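*Asks:* Sharing a model that was predicted from the sequence below.
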Amino acid sequence: MSEEYSLDYLVIGAGPAGLQAGYYLEQAGRNYLIVESGESPGTFFADFPRHRKLISINKVHTGWDDPELNLRTDWNSLLSEENAPLLTSYTPRYFPAADDLLGYLADYAETHRLRIRYGTRIVEVAKPGEFVARDEDGNTYRAARVIVATGVTQPYIPDIDGVELAEPYTEMSVDPEDYTGQRVLIIGRGNSAFETADGLIENAAVIHVAGSGSLKLAWQTHFVGHLRAVNNNFLDTYQLKSQNALLDGKILGIRADGDSYLVRVSFERVDEVVKEIRYDRVLLATGFRFDASMFAPECRPELTINDRFPDQTAAWESVNVPGLHFAGTITQVRDFKKSTSGFIHGFRYGVRALHRILERRDHEVAWPGTTLPETPEAVTDAIIERVNRSSALWQLFGFLADAVLLGPDGARYAEEVPLDHLHETAHTGEFGEVDSYLTITLEYGADHDRVNPFDVEHSRTSQQDTRGLDGRYLHPVVRHFRGGALVAEHHITENLENEWDSEQVHRAPLREFLRGRVAAPAGAR
């Protein structure tokens, strides 16, 4: 017999983001329900990554006893006031197995008694007024707001003539023996492509990895979705002429020719215009996309970035469907290939910020903050304490900001506000009456991705230099805004151990920057 539920919040998906959203809704005492198509949390990780090793780090031994600092090197655990459970207690592996994450997510959901309905696949979401969702068993869920945390579940298939002849990442064999002595083409330039290539090195005769544009390396760009070192053994075999190659170009077409395939490649950095190459197998590792098929036409979210993700506002709300919010890896459109919203260690903080936005808008709960003495000394102390400890600013670098809000009631310190959301709302009353405000972020320096960090010909900023503007490595940046316009900015000098506590190098220059900005007449702020 079908049932009907009336909710304030319907969360679709019990992956890491859905569980994180459920945790905060549970803590706030809201009327919510998480629905999950699988029989346990995080079912995406039951199949992916195909080679079963995560590229998110799990550093158990940090030398710190501060749980907040430990989250800087724990990229898999979810947030809670209890700081438990944590994935670091499940495995000592630096790159843990996907099965360890599955067990952890199940324990997190049970420990925090999250309200989850498993085996529930939503087949339609309509919006005649409130949201009305229906599952495949005929149950109905009425909700004022919907948070979609389904991730990217559908393979992204590029527009290539004959692409149906390729074996998709979701279906290809992961047994190296199946490729023994074969010539293999892998289409794609991300971690799934190189993960696959590394797994075939001992068995395949020839492996080519193909894609357009320059190959991006995570250790240089600082975007962890680019090629990680743990997956780049293939590059060594290419550069040392071991029958493998990286093809820089576009795949124009694939056609069957007997028991093999002929693939037309348009090269980008060599003299050939188009070359046709023979392979025994063609594998497709081009990533995933968001599945919007459950949404009725009147509430189907607009898509962006080659229709791979839902387009979103600074509050992670659909640009065309009010009340429809997003959480998890699909929120990476807000910092695409710049920060970490596409990964657990980034979006766990994004989900917390989304919860605070919804609490403020829908339940009149003020953004958490503390009142500070309106003096350069007090504000300096607060900033230094936070940049030396915060994991949120560390992980979502350049995206989340702490804010010092300056108004007629003095100075208030608000933690972990999405930067774009702050700029849009600081003068609308959402944070009270604000004359001007300071933002505090952790950022890499300008053009950091163009500098080889191992090139000794390129000098780094001295750690004793009080002018941090030229720093390339992660460092704190404090900016002053008035009327939505940037007034001034100050870069705190980078530090090898990420400890910004020197009186001469870090504190004194910051205090000097704040003089005349803090405790100034309201009209001059």
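*Replies:* Nice, thanks for sending it over.

*Asks:* got the residue ranges for the helices in this structure?
*Replies:* According to DSSP state H, the chain carries its helices in the segments 16-28, 67-70, 98-111, 191-200, 218-221, 233-239, 344-363, 376-387, 392-395, 419-425, 508-514.

*Asks:* if you average pLDDT over stretch 253-264, what comes out?
*Replies:* Taken as a whole, stretch 253-264 has a mean pLDDT of 97.

*Asks:* Would you work out how far apart the start and end of that stretch are?
*Replies:* Stretch 253-264 has an end-to-end distance of 5 Å (Cα to Cα, to the nearest Å).

*Asks:* which residues touch that stretch?
*Replies:* Stretch 253-264 has contacts (Cβ atoms under 8 Å, 6 or more residues apart in numbering) with 160-163, 165-166, 183, 185, 251-252, 274-282. Where C-beta positions appear, they are placed from N, C-alpha and C, glycine not excepted.

*Asks:* Show me which positions of stretch 116-136 end up buried.
*Replies:* Buried residues in stretch 116-136, defined by neighbour count with 16 or more other Cβ atoms under 10 Å: 116, 120, 122, 125, 126, 127, 131, 132, 133, 134, 135.

*Asks:* between these, which is closest to residue 442?
*Replies:* Nearest to residue 442 among those, counting by Cβ to Cβ, is residue 116 at 34.1 Å.

*Asks:* Okay, residue 167 and residue 55: tell me how far apart.
*Replies:* Going from residue 167 to residue 55 by Cβ to Cβ, to the nearest Å gives 22 Å.

*Asks:* between the two, who's got more neighbours?
*Replies:* Neighbour count, other Cβ atoms under 10 Å: between residue 167 and residue 55, residue 55 has more, with 19 against 15.

*Asks:* Please tabulate the helices of the chain in a markdown table, including the columns mean pLDDT.
*Replies:* Below are those laid out as a markdown table (pLDDT from 0 to 100):
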| stretch | mean pLDDT |
| --- | --- |
| helix 16-28 | 98 |
| helix 67-70 | 98 |
| helix 98-111 | 97 |
| helix 191-200 | 93 |
| helix 218-221 | 86 |
| helix 233-239 | 90 |
| helix 344-363 | 97 |
| helix 376-387 | 98 |
| helix 392-395 | 98 |
| helix 419-425 | 96 |
| helix 508-514 | 97 |
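
*Asks:* which stretch among the ones you listed comes nearest residue 87?
*Replies:* Residue 87 sits nearest to helix 98-111 of all those, at 4.8 Å, using Cβ to Cβ.

*Asks:* Can you tell me which helices and strands the closest one packs against?
*Replies:* Judged by 3 or more Cβ pairs under 8 Å, 6 or more residues apart in numbering; DSSP states H and E, helix 98-111 is in contact with helix 16-28.

*Asks:* could you give the angle of the helix it packs on to helix 344-363?
*Replies:* 40 degrees (axes from the mean of the first three to the mean of the last three Cα atoms, to 10 degrees).

*Asks:* Please identify the buried residues of helix 16-28?
*Replies:* Using 16+ other Cβ under 10 Å as the test for burial, helix 16-28 gives 16, 17, 18, 19, 20, 21, 22, 23, 24, 25.

*Asks:* how big is the angle separating that helix from helix 98-111?
*Replies:* Interaxial angle, helix 16-28 versus helix 98-111 (the same axes, to 10 degrees): 20 degrees.

*Asks:* by contact count, what packs against helix 16-28?
*Replies:* Counting by 3+ Cβ pairs under 8 Å, 6+ apart, helix 16-28 packs on strand 4-12, strand 32-35, helix 98-111, helix 344-363.

*Asks:* Who are the contact partners of residue 78?
*Replies:* Each residue near residue 78 by Cβ under 8 Å, 6+ apart is listed here: 16, 19, 20, 23, 105, 108, 344, 348.

*Asks:* Mind doing that once more with 10 Å?
*Replies:* Listed by Cβ atoms under 10 Å, 6 or more residues apart in numbering, the contact set of residue 78 reads 16-17, 19-20, 23, 85-87, 104-105, 108-109, 112, 344, 348, 351.

*Asks:* ok, back up a step: dump the helices of the chain into TSV; add distance to residue 151 as well.
*Replies:* TSV is the format used below for the helices of the chain (distance: least, Cβ to Cβ, whole Å):
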stretch	distance to residue 151
helix 16-28	7
helix 67-70	26
helix 98-111	13
helix 191-200	14
helix 218-221	21
helix 233-239	27
helix 344-363	10
helix 376-387	31
helix 392-395	19
helix 419-425	22
helix 508-514	40
